[in-house]
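> Sharing a sequence plus its predicted fold:
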Amino acid sequence: MKEILSYYLRKNNNVIIETLKEHIDEAIKIVNKIEYSPILRYAKRISPNLKNFDKLINLAIVFHDSGKAFFQEDKIENKEYLSFRGHEFFSSYIFKSFCKECKADFTFEENYGINGYELINFAILFHHHSMNIMKRLNEFSFKPQYKIQWIEKLYESLNPFLTEDYKVFLKFTINNIIKDFKRENAIALIKKDIELELKNIWENIWYDRNRKKLSLIILTILIVSDNIAAQNKRGEAQARNVFHMALEDFYNFYLVKPQCRI
């Protein structure tokens, strides 16, 4: 079976393909100097106990498109493109399931100096916020019984970017997700859980000043790395516009040392 795709477009007899693994790898490269960046200094003023910020951001990047596994097609040779509309909600569901597995062994405070679960999941849930969250939540549709084989493929796509402990947790996570998808009315049950998660995370973060600031920092970094990585890997298929120029400005001024600007 082929790898999980992050992008697929057939245009003018040309096919542009990007795997999920390639996209994650490129996005992580975008933020590989974040430990020396102005944005980290600002984040530490908000949360003085913050540590391993680069690893926390990497975790957001690794899981932000994981939900695309549920939108794969077995036969794409004759398709014009693959749609992943609403994938961020399933990415959130996967990340939440992953964190449940991790919880018994460590806390986010020990690894990052903050309880980063909701901050990361906020970024995952809202990294396509400009595309109308509720519309995207209500429009996705697929038959879960045909997606289990793709869920199993998630391990191959994500494990190169995780620590050895996290890799073990990821295996358990995937097994539990497969069990979830074998339930009757699986999609309806998962969608209900996602809607509750969306509401809880918004309320828990938006009314806490410092948590809101940190969440928006992580969200912005994720959006920057996601879109610049897409531009780098997809080339002309990903049109460069004012939005992308703004992301590049943010990258140059806040995510790297001045001498490392693109």
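On my side now, so go ahead. A quick note: this is a predicted structure, and the numbers were derived from the prediction, not measured.
> Pop out the phi and psi values for the spatially closest residue to Cys99 that is not a sequence neighbour.
Of all residues beyond its chain neighbours, the one nearest Cys99 is Tyr117 (5.2 Å), with distances taken as C-beta to C-beta, 6 or more residues apart in numbering. For every residue, glycine as well, the C-beta is placed using N, CA and C. Torsion angles at Tyr117 (phi, psi; degrees, to the nearest 10) stand at phi -60, psi -60.
> Give me the neighbour count for Tyr117.
20 (other C-beta atoms under 10 Å).
> same question, the one 10 residues further on
Other residues lying near His127 total 22 when counted by other C-beta under 10 Å.
> I'd guessed Ala69 sits against Gln149; true?
No. At 9.8 Å, Ala69 does not count as touching Gln149 under the criterion of C-beta atoms under 8 Å.
> ok, those two, which is more surrounded?
Ala69 (27 against 13).
> Flag the shaky bits of the protein, pLDDT-wise.
Counting by pLDDT under 70, the ranges of the chain that qualify are 1, 104-107, 130-132, 139-146, 235-240, 257-262.
> so where's the longest helix in it?
What stands out as the longest helix in the chain, according to DSSP state H, is helix 209-234.
> now for that one, which elements pack on it?
Helices and strands touching helix 209-234, by 3 or more C-beta pairs under 8 Å, 6 or more residues apart in numbering; DSSP states H and E, are strand 5-11, strand 14-19, helix 20-30, helix 38-46, helix 53-64, helix 117-126, helix 186-206, helix 242-250.
> So which bits of that helix are buried?
Neighbour counts using 16 or more other C-beta atoms under 10 Å place 211-234 of helix 209-234 among the buried residues.
> Now the residue most central in space within the chain: closest residue in space, sequence neighbours ignored.
Centroid-nearest residue in the chain, with C-alpha atoms, centre = their mean: His64, separated by 0.6 Å. The shortest distance from His64 to any non-neighbouring residue, by C-beta to C-beta, 6+ apart, is to Ile124 (5.1 Å).
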